[in-house]
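[1] Quick one: sequence and predicted model below, then my questions.
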Amino acid sequence: MITHLSQGGGALRVRIQNTFGRTPLTVDAATVGRSSADGQDGPAIEGAVRAVAFDGRREVVVPPGGEVWSDATELETRAQDDVAVSLSVSGTVTPGRHTNAFRANYLTPPGSGDHTAEASGSAYTQTVDSTYLVSAVDVDNPAVRGTIVAFGSSVVDGTGSTDCGPGCTPDGPDLRWTDHVARRVAAELPRTRQLTVANAGIAGTTSSADCPRTPAGVQGLDAATRLDRDVLDLHGVTGVLYYYGTNDLANGCDASQILRSYREVFQRLQAAGIRVYVTPVTSRPGYTDQNNLDRHTVGTHVKKRNSCDGTCDGVMDFDQVLKDPLKPNSINPAYDTGDGVHANIAGQRALADYVSLPMLLSSTAHH
């Protein structure tokens, strides 16, 4: 499984999940190494392959519905490096998986044995575009001031970030707006004021747990339910970029339900000392008139005093970035993937360019 780092460091640890498994998950061996330059050599690893331990042991059993963090493993990495996390798993499991990795990950055929220590990657003959089992990578870098978590649905997850238009091939992976924000941080902020950016987007999810038409596949993954796992349990979180609401409206939630979920989540984040930066719900041509009235109500609340009427800490006006100036309830054609909902590569960059880095840095003032 390949993970793109927003910051480098001297060591890292990985989190293995069995969130949706109904039986224990047995990991017999795990390693980490720097993935070859930009994935050009597929699953090959560049340099040393490091063994990963869990409480000093090579093997770990992750209970059903649970997750485990590894011990710290020494590995020198830089900002924007790709890290390969290799796992040898025995038995039959139903692992939680991140369906939209928007990059290639690699598997060996079942029953082919443990190849985690091999740098060539030649045994990893199957390519998948999902991320299995690895749910987080935590880099040890004392110079980094804090972690900013982007939290939302497909617009955070990266849907559209591989789309540069008809007949166009993307210039490599990692072109989500969050990836661009991470690159801006590394390039534009002083070395003594660096942040890391974590992407906690899951396509199809909603802010509210109460939407009448939430698809079965994402029930139980609303913002409040997954807040601990995907934000509060991460290391050094100082700020959250909250981009939720488009699916709530599409799945039958109204403004009052959305705002109730906002208040609950924001309260928990602020109680943990985490600043919350919110985007108004962005446009979508399939909305009914009532959907757009609700969208307006939510947006008005978010923009009130530039602080969600005192319940959040700042606003990222992505609604203004993406909207078509001639048809404000639609996305600007230059940024539209064609589905009217998701931003293409140009739109992803436009969103990233709009994010205020001083605002993000302000989240570290009280840490």
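    Everything's here; your move.
[2] separation between residue 287 and residue 169?
    32 Å (C-beta to C-beta, to the nearest Å). The C-beta positions use only the backbone N, C-alpha and C, and glycine is treated the same way.
[3] which one of these two has more residues nearby?
    Taking neighbours as other C-beta atoms under 10 Å, residue 287 and residue 169 compare with residue 287 leading, 19 against 7.
[4] Quick one: residues contacting that one.
    Shown here is residue 287, whose contacts under the criterion C-beta atoms under 8 Å, 6 or more residues apart in numbering are 249-250, 295, 329.
[5] What about those, which are in helices?
    In helices, judged by DSSP state H, the following of these are found: 249-250, 295.
[6] ok, these vs residue 214, which is closest?
    Residue 214 lies nearest to residue 250 out of the ones in helices among the contacts of residue 287, by C-beta to C-beta, at 9.9 Å.
[7] Report how many residues lie close to that closest one.
    19.
[8] I'd guessed it sits against residue 288; true?
    No - at 9.9 Å, residue 250 does not count as touching residue 288 under the criterion of C-beta atoms under 8 Å.
[9] Give the closest residue to residue 137 in space, chain neighbours not counted.
    residue 3 (4.6 Å; C-beta to C-beta, 6 or more residues apart in numbering).
[10] Helix, strand or coil: sort out residue 341 for me.
    coil (DSSP: H, G, I helix; E, B strand; the rest coil).
[11] what sits against it?
    Residue 341 neighbours (C-beta under 8 Å, 6+ apart): 154-155, 246, 284, 286, 331.
[12] What of residue 331?
    So residue 331 contacts 282-285, 322-324, 340-341, 343, 347 (C-beta under 8 Å, 6+ apart).
[13] Is it possible to mark the buried ones in those residues?
    282-284, 322-324, 340-341, 343, 347 (16 or more other C-beta atoms under 10 Å).
[14] Can you tell me which of those residues lies closest to residue 227?
    Checking the buried ones among the contacts of residue 331 one by one against residue 227 (C-beta to C-beta), the nearest turns out to be residue 282, at 21.6 Å.
[15] Tell me the spacing between that closest one and residue 341.
    For residue 282 relative to residue 341 (C-beta to C-beta), the value is 8 Å.
[16] Overlap in contacts, these two.
    With C-beta under 8 Å, 6+ apart as the test, residue 282 and residue 341 both reach 155, 246, 331.
[17] so can I have JSON lines of those showing secondary structure?
    Shown next, in JSON lines, are the shared contacts of residue 282 and residue 341 (three-state DSSP):
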{"residue": "155", "secondary structure": "helix"}
{"residue": "246", "secondary structure": "helix"}
{"residue": "331", "secondary structure": "strand"}
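[18] For this structure, which segments are assigned as helices?
    According to DSSP H, the helices that the chain contains are 154-157, 177-188, 223-227, 246-250, 255-271, 289-303, 318-322, 345-354, 357-362.
[19] any idea how far residue 4 is from the residue most central in space within the chain?
    The residue lying closest to the centre of the chain (C-alpha atoms, centre = their mean) is residue 199, at 2.1 Å. Applying C-beta to C-beta, the value for residue 199 to residue 4 is 9 Å.
[20] so what sits against both of these two?
    Counting by C-beta under 8 Å, 6+ apart, the residues touching both residue 199 and residue 4 are residue 179.
[21] How much space separates residue 41 from residue 170?
    From residue 41 over to residue 170 (counting by C-beta to C-beta), the distance is 18 Å.
[22] With residue 146 instead?
    Applying C-beta to C-beta to residue 146 and residue 170 gives a distance of 30 Å.
[23] More neighbours: which of the two?
    residue 146 (21 against 15).
[24] I figured residue 84 hits residue 43, correct?
    Yes - with contacts counted by C-beta under 8 Å, residue 84 reaches residue 43, the gap being 7.0 Å.
[25] what touches both of these two?
    The contact lists of residue 84 and residue 43 share 35, 121, where a contact means C-beta under 8 Å, 6+ apart.
[26] Can you give the contact residues for the lowest-mean-pLDDT helix or strand in the chain?
    Lowest on mean pLDDT, DSSP states H and E among the helices and strands of the chain sits strand 97-98, with a mean of 75. For strand 97-98, the surrounding residues in contact (C-beta under 8 Å, 6+ apart) are 130-133, 135, 202.
[27] same check, this time on stretch 217-227
    In contact with stretch 217-227 (C-beta under 8 Å, 6+ apart) are residues 151, 202-209, 214, 244, 261, 264-265, 268-269.
[28] out of the residues you listed, who's nearest residue 76?
    For the contacts of stretch 217-227, the nearest to residue 76 is residue 151 (29.7 Å; C-beta to C-beta).
[29] and the helices of the chain as CSV, adding mean pLDDT?
    CSV is the format used below for these (pLDDT from 0 to 100):
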stretch, mean pLDDT
helix 154-157, 96
helix 177-188, 98
helix 223-227, 97
helix 246-250, 97
helix 255-271, 98
helix 289-303, 98
helix 318-322, 98
helix 345-354, 98
helix 357-362, 97
